[in-house]
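Student: give the three-dimensional model of this entry:
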Amino acid sequence: MAVEKELVKPYEQEEDGKKKQVSRMFNRIAPYYDFLNRFLSLGIDVRWRKKAIAQLKTANPTYILDVATGTADVAIEMAKQLNPTKIIGLDISHEMLEVGRKKITKRDLDPIIELVEGDSENLPYDDNSFDAITVAFGVRNFENLERGLLEMNRVLKPNGKLVVLEFSKPTIFPIKQLFNFYFKYILPQIGRITSKDASAYSYLYKSVQAFPDGKAFEEVLNKTGYKSTSWEGLTFGICSVYTASK
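Tutor: So this is what the prediction gives:
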């Protein structure tokens, strides 16, 4: 089975584990995160999130866990599209969550969305708790991918649905070449100027290259106990949406 080629960390010169480094990285770039997402993706990331959330419409979930919720973009969009009773957004970065809480309050969504600081690989919830789980641009940041997937499977209700949105590696010429040049050389420079953390955006490229995308990730989902797995490439394969059930 294809697995992550290597444990890529944001700050390779530092000795801390990947989990601590990812938390520190997102705490550093939190004030700039939403702006850079919109700017660097030309707003396409908004469409990707809506596409992922649409996978849950027929399931009508009422109790949803959004893992690696960040600044709560997916949680907020799910509250609008799916009309659930409760969404819990969990993330390892307290600064990202603080940005998300302000957005939630501004939209009067506090009764529906609760943000919690926590570890995706050690979820603080009982077995069979959630109707659906979402992860947008988060699974490649897991220190142990399979452990994170197993934890989500544990807290997902039987027949509950998992939706994962993640960057992937395009293979079509010239999209592949443009993608690699942009992510490897241009993105870190923009990150250096805007967020003062070029390493965070160099890590983005490296983590995408190391992540087992497409069919390989579907195999990891099958190995960790999911069924009815499928995936679809978006925008020439720059991003992919994966679905599975317990």
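
Student: stretch 103-119 spans what distance, first to last residue?
Tutor: 22 Å (CA to CA, to the nearest Å).

Student: burial count for residue 147?
Tutor: Look at residue 147: counted by other CB atoms under 10 Å, it has 14 neighbours. The C-beta positions use only the backbone N, C-alpha and C, and glycine is treated the same way.

Student: I'd like to know which elements the helix or strand it falls within is packed against.
Tutor: Using DSSP states H and E, residue 147 sits in helix 145-155. Helices and strands touching helix 145-155, by 3 or more CB pairs under 8 Å, 6 or more residues apart in numbering; DSSP states H and E, are strand 63-67, strand 130-136, helix 215-223.

Student: could you dump the ones you listed into TSV with distance to residue 100 added?
Tutor: Formatted as TSV, the helices and strands packed on helix 145-155 follow (distance: least, CB to CB, whole Å):
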stretch	distance to residue 100
strand 63-67	10
strand 130-136	13
helix 215-223	26
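
Student: coming back round to it: what's the mean pLDDT across the helix holding residue 147?
Tutor: Averaging pLDDT along helix 145-155 gives 98.

Student: render the CA-only coordinates of whichever helix or strand comes after that helix in PDB, please.
Tutor: Following helix 145-155 in sequence order, the next helix or strand is strand 156-167 (DSSP H and E). Taking Å, rounded to 0.1, in the frame of the first residue of the first chain, the C-alpha atoms of strand 156-167 are listed here in PDB:
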ATOM      1  CA  LEU A 156     -18.500   8.200  13.600                       C
ATOM      2  CA  LYS A 157     -21.900   6.500  13.900                       C
ATOM      3  CA  PRO A 158     -22.500   3.300  12.000                       C
ATOM      4  CA  ASN A 159     -23.300   4.200   8.300                       C
ATOM      5  CA  GLY A 160     -22.100   7.800   9.100                       C
ATOM      6  CA  LYS A 161     -20.300   9.600   6.400                       C
ATOM      7  CA  LEU A 162     -16.800  11.000   6.200                       C
ATOM      8  CA  VAL A 163     -15.900  13.700   3.700                       C
ATOM      9  CA  VAL A 164     -12.200  14.700   3.200                       C
ATOM     10  CA  LEU A 165     -11.100  17.600   1.000                       C
ATOM     11  CA  GLU A 166      -7.300  17.800   0.300                       C
ATOM     12  CA  PHE A 167      -4.800  19.000  -2.100                       C
END
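
Student: lowest-pLDDT helix or strand in the protein?
Tutor: Within the chain, confidence by mean pLDDT, DSSP states H and E is lowest for helix 187-195 among all helices and strands, at a mean of 77.

Student: next helix or strand past that helix?
Tutor: Later in the chain than helix 187-195, the nearest helix or strand by DSSP H and E is helix 198-210.

Student: between the longest helix seen in the chain and helix 198-210, how big is the angle?
Tutor: Longest helix in the chain by number of residues (criterion: DSSP state H): helix 18-40. Put simply, helix 18-40 runs at 100 degrees to helix 198-210, going by axes from the mean of the first three to the mean of the last three CA atoms, to 10 degrees.

Student: buried sites along helix 18-40?
Tutor: 18-30, 32-34, 36-37, 40 (16 or more other CB atoms under 10 Å).
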